[in-house]
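Asks: Fold the following and give me the result.
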Amino acid sequence: MAYRDGFFATIALALSSVALASIVYTDEYSHAAQAEANGYRALALQVSSDSSLACVDEFESTAGVPAAKQTAVR
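Replies: The predicted structure follows:
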């Protein structure tokens, strides 16, 4: 009984390894992985940049000023 369980576990591991390898080596996977990496890089740059914090600080400092006197900062 133990031999049979081990045999089926080995077969399942081999089949899942082949399936994973066939998915990883497709062009769609590489395109998706590249897009995900670019998204993480863009998110990290946005989060780590101080420009978003400066915009929030400026908005808070100009909250009482009329819209005609406010200047846009980019």
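Asks: So residue 33 versus residue 19, what's the distance?
Replies: 17 Å (CB to CB, to the nearest Å). In short, each C-beta sits where N, CA and C put it, glycine included.
Asks: same deal with residue 26?
Replies: Counting by CB to CB, the gap from residue 26 to residue 19 is 12 Å.
Asks: Identify the contacts common to the two.
Replies: Shared contacts of residue 26 and residue 19 (CB atoms under 8 Å, 6 or more residues apart in numbering): none.
Asks: so what's residue 32 scoring on pLDDT?
Replies: Looking at residue 32, its pLDDT reads 86.
Asks: no wait, residue 51
Replies: So residue 51 comes in at 57 (pLDDT).
Asks: do the same with residue 59
Replies: pLDDT for residue 59: 52.
Asks: Same question for the one 10 residues further on.
Replies: According to the per-residue confidence, residue 69 scores 55 in pLDDT.
Asks: Check residue 6 too.
Replies: pLDDT, residue 6: 92.
Asks: Kindly report the same for residue 22.
Replies: For residue 22, pLDDT reads 90.
Asks: where exactly do the helices run in this structure?
Replies: Along the chain, counting by DSSP state H, helices occupy 2-24, 27-48, 51-61.
Asks: Could you dump the ones you listed into TSV and include mean neighbour count?
Replies: Output for the helices of the chain, formatted as TSV (neighbours: other CB atoms under 10 Å):
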stretch	mean neighbour count
helix 2-24	10
helix 27-48	10
helix 51-61	11
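Asks: Torsion angles phi and psi at residue 25?
Replies: The phi and psi values for residue 25, taken as degrees, to the nearest 10, are phi -90, psi 20.
Asks: Can you tell me how far it is from residue 10?
Replies: Distance from residue 25 to residue 10, by CB to CB: 23 Å.
Asks: same question, residue 16
Replies: 11 Å.
Asks: again with residue 38
Replies: 39 Å.
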